[in-house]
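Undergrad: Give me a model of this one.
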Amino acid sequence: MTKFLLAVHVLAAIVAIGPVTVAASMFPPAARRALAAPEDPRAVETVRLLLRICRVYAVAGVAVPVFGFATAKNMGVLGDTWLIVSIVLTALAAVVLVALVLPRQTAIAEALEERQVTESTDSGGGDAAATAIAVTTATAPTLTSRATVRLAMFTGQFNLLWAAVTVLMIVRPGSTTGA
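TA: This next block holds a predicted model:
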């Protein structure tokens, strides 16, 4: 049973956490491209797709600690230091993703969509200057290159936390269960 649980745990980590780390890393440069090319609808579509990937796989990622706890219980290592540190780092990674990465991605994607909708109505012949002022005021805090840089920093922290967990899971310092 332990081998089955471990296999599911590892597969869940690969299938769920892998896409989140890749898509989250791709999001800031994709947002910068969309910001630089407002006339390109595909750039905003890419940002929306990456956000959807991050959201869906973040939910699927809950399976990783669930099967991890089941595996650890079967192996009798729930009290081992390497596992406790891994649990803490996993919790920190989840907090970074849920509290810092996903909300910023959502705000940037919504601001890009809002800008795209406003610009498409501008081409219809409205008062472009008034609309541009309204869009700039509404999206200024979230739709900047600086916001994408800050998002990239939080995404990097999320990825580093998962890398540390992965190393701890492989090396298992002080473990007596074999390597």
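Undergrad: which stretch of helix or strand covers residue 143?
TA: Assigned by DSSP states H and E, residue 143 belongs to no helix or strand.
Undergrad: shouldn't it be in contact with residue 35?
TA: Yes - taking Cβ atoms under 8 Å as the definition, residue 143 is a contact partner of residue 35 at 6.6 Å. Yep, even glycine has a C-beta here, placed from its N, CA and C like the rest.
Undergrad: what do the two both touch?
TA: residue 112 (Cβ atoms under 8 Å, 6 or more residues apart in numbering).
Undergrad: Neighbours of the spatially closest residue to residue 40 that is not a sequence neighbour, how many?
TA: For residue 40, ignoring the flanking residues on the chain, the nearest one in space by Cβ to Cβ, 6 or more residues apart in numbering is residue 34 at 7.1 Å. Using other Cβ atoms under 10 Å, the number of residues around residue 34 comes to 27.
Undergrad: Which residues does the helix or strand harbouring residue 34 contact?
TA: Using DSSP H and E, residue 34 sits within helix 18-36. Outside helix 18-36, the residues that touch it by Cβ under 8 Å, 6+ apart are 40, 43-44, 46-47, 50-51, 53-54, 57-58, 61, 97, 101, 105, 108-109, 112, 143-145, 148-149, 151-152, 155-156, 158-159, 162.
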